[in-house]
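J.: Provide a 3D model corresponding to the input given below.
(one chain, ligands or ions: 1)
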Amino acid sequence: MAAGPDEQEKSDENGRERIVQATPPDRGPGDSGSEAEIIAGEQALEERAQQLAENPPDSTDVQQRMARDLRPRHFRDYVGQKEVVNSISIAVLAARKRGDTLDHALFHGPPGLGKTTIAHIIARELDSTLVHTSGPALERPADVVGLLSNLKTGDVLFIDEIHRLSHAVEEYLYSAMEDFRVDFMTGSGAFAKSINLPLQPFTLIGSTTRAGMLSAPLRERFGLAYHLDFYSIEDLAKVVTRSARILEVDIDSKGALEIAKRSRGTPRISNRLLRRVRDFSEVRHTGAVNKSVASEALGIEGVDALGLDRLDRLYLTTLSKNYQGGPAGIQALAATINEDQQTLEDVVEPFLLKIGFIVRTPQGRRTTQEGFEHIGIKPRLDVPAGQGTLL
Ligand code: ADP
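T.: Coordinates of the predicted model:
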């Protein structure tokens, strides 16, 4: 999943990692639109260049912004996920030593756990360019063929939400990943011609919140596959402490622990909550953060002691009250809550499953005894709470 706007990085302090935002080839700035649009685009660029020449950006400003970027840049800064980091860093070192490209790698797990971050670190450690795109952005086969043919030896192609690639686009990836070539047809009927396009060896890194939605042929082509799990509270406290240092927030260990406990096992949430607590402390207190400031601020934010936010609680209350603890289908729940089904499946449910507040049964979702207790609703006596087989 992509980072928040204040967490996006395009280059680093020494420029070693190069990141390119992929633009589908035939819709690039120079290729699409009318001539008038192209001229207007060029004029805008010229004006911007003029402005920059007249008012160059303050370099200390830029440096400060970079320093405040919370995304770890090296494996040594990447908190937790030790087994994953050990394994992938060995694979990266071995590839470097052989002067080879790294095997294609797949990272799966809930949003905000560091999949994009690790892809950036890999590209940096390989000293290569990261080309960033996403499944929904590659709409047509022409998009992916153009992108692949522009890759240089050793480039890392990062496809976020890879489960959302269309089937037609996905098929082009099979031969690209396996043999570094794409076959495609041009013309039609009597003029149809098959073209075999060789590619430079590259590494594909896929990121997905739904490994189950990946087709078997695509999944099998990844030599490396890793699941990122929710972080422990101790690891999240390290994330909070590290981010507080970068953001120059004065926080004590109990304050960091309080934020960690309410972060739903997710570093992105830790960082977000830290910013909210910092704002609160700057306005209402001295700017320093301790346990009581953190818990007061997060209470106001609607984040409870376990880190559940309003949407988590709405889901749990709806399932427990409207559907008497279930079983309820995800579509029915999404319609009742008036929330996107995918958001519920990707963002809300994984953590509620993890902490045992709901279970997924063949008949639908059900609230467990612990789930009922947390929101203070009594389960129906005739239906044992949360019974069923885990899916
Ligand atoms: P995903 O791609 O899995 O949705 P990201 O890689 O975008 O998640 O991570 C979201 C943010 O969380 C990052 O910008 C970074 O600041 C923070 N983060 C993620 N993983 C870690 C980690 N292991 N250590 C420290 N910070 C992390």
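J.: by mean pLDDT, flag the weakest helix or strand of the protein.
T.: One helix or strand of the chain scores below all others by mean pLDDT, DSSP states H and E: helix 59-67, with a mean of 49.
J.: how close does the residue in the stretch 101-250 of the chain that the ligand sits nearest to sit to residue 210?
T.: Relative to the ligand, the nearest point of the stretch 101-250 of the chain is residue 114 (2.6 Å; C-beta to the nearest ligand atom). Every residue, glycine included, has its C-beta placed from N, CA and C. From residue 114 across to residue 210, the span is 17 Å (C-beta to C-beta, to the nearest Å).
J.: neighbour count winner among the two?
T.: Neighbour count, other C-beta atoms under 10 Å: between residue 114 and residue 210, residue 114 has more, with 25 against 14.
J.: could I get the contacting residues of the more buried one?
T.: 78, 81, 228, 267 (C-beta atoms under 8 Å, 6 or more residues apart in numbering).
J.: which of the residues you listed tops the neighbour count?
T.: residue 267 (29 neighbours).
J.: isn't it right next to residue 113, touching?
T.: Yes. Shown here, residue 267 and residue 113 form a contact pair, counting by C-beta atoms under 8 Å, at 6.8 Å.
J.: any residues in contact with both of these two?
T.: In terms of C-beta under 8 Å, 6+ apart, residue 267 and residue 113 are both contacted by the residues residue 231.
J.: and residue 194, what element?
T.: Taking DSSP states H and E as the criterion, residue 194 maps to strand 193-198.
J.: so which elements touch that strand?
T.: strand 181-186 (3 or more C-beta pairs under 8 Å, 6 or more residues apart in numbering; DSSP states H and E).
J.: quick check, pLDDT for the residue of the stretch 101-250 of the chain closest to the ligand.
T.: pLDDT for residue 114: 95.
J.: backbone phi and psi for it, please?
T.: Dihedral pair for residue 114: phi 110, psi 20, per degrees, to the nearest 10.
J.: on that earlier part again, ok, then the element right after the least confident helix or strand of the chain?
T.: Next element after helix 59-67 (DSSP H and E): helix 82-98.
J.: and that following helix, does that touch the ligand?
T.: No. Judged by C-beta under 6 Å from any ligand atom, helix 82-98 makes no contact with the ligand; its nearest approach is 8.2 Å.
J.: could I get the buried residue list for that helix?
T.: Neighbour counts over helix 82-98 (16 or more other C-beta atoms under 10 Å) mark 84, 85, 88, 89, 91, 92, 95 as buried.
J.: please apply the same query to stretch 371-381.
T.: Across stretch 371-381, burial judged by 16+ other C-beta under 10 Å covers 371, 372, 374, 375, 377, 379.
J.: can I assume the fifth one is in contact with residue 317?
T.: Yes. Using C-beta under 8 Å, residue 377 and residue 317 qualify as a contacting pair, with a distance of 7.1 Å.
J.: who touches both of those two?
T.: Counting by C-beta under 8 Å, 6+ apart, nothing touches both residue 377 and residue 317.
J.: would you map the helices across the stretch 151-300 of the chain?
T.: 167-179, 216-220, 233-247, 253-261, 267-284, 291-300 (DSSP state H, counting those that start in this stretch).
J.: so which of those comes closest to residue 348?
T.: helix 267-284 (12.7 Å; C-beta to C-beta).
J.: get me the contact residues on the stretch 201-350 of the chain for the ligand.
T.: 207, 239, 267, 268, 271.
J.: what sits against residue 119?
T.: 107, 130, 156, 158, 205, 207.
J.: may I ask which two of these are separated the most?
T.: Using C-beta to C-beta, the two most remote members of the contacts of residue 119 are 107 and 130, lying 13.7 Å apart.
J.: more neighbours, those two?
T.: Higher neighbour count among residue 107 and residue 130: residue 107, with 29 against 23, using other C-beta under 10 Å.
J.: in this structure the more buried one contacts residue 205, no?
T.: Yes. Under the criterion of C-beta under 8 Å, residue 107 makes contact with residue 205 at 7.1 Å.
J.: mind putting the contacts of residue 119 into a markdown table with pLDDT and distance to residue 323?
T.: Formatted as a markdown table, those follow (pLDDT from 0 to 100; distance: C-beta to C-beta, whole Å):
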| residue | pLDDT | distance to residue 323 |
| --- | --- | --- |
| 107 | 97 | 34 |
| 130 | 94 | 44 |
| 156 | 95 | 45 |
| 158 | 96 | 39 |
| 205 | 97 | 40 |
| 207 | 96 | 33 |
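J.: now render these as CSV, adding distance to residue 187.
T.: Conversion of those to CSV gives the following (distance: C-beta to C-beta, whole Å):
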residue, distance to residue 187
107, 39
130, 35
156, 34
158, 33
205, 34
207, 36
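J.: show me which residues of the stretch 51-200 of the chain are close to the ligand?
T.: Proximity of the stretch 51-200 of the chain to the ligand, by C-beta under 6 Å from any ligand atom, involves residues 70-72, 78-81, 111-117.
J.: between those residues, which is nearest residue 334?
T.: Nearest to residue 334, judged by C-beta to C-beta, of these is residue 111 at 17.3 Å.
J.: what helix or strand is that closest one on?
T.: If you go by DSSP H and E, residue 111 is not part of any helix or strand.
J.: list the contacts of it.
T.: 1, 209, 266, 268, 346, 347.
J.: before we move on, what about residue 263?
T.: By C-beta under 8 Å, 6+ apart, the residues touching residue 263 are 231, 236, 240, 269, 270, 273, 307.
J.: I am finished for the moment; much appreciated.
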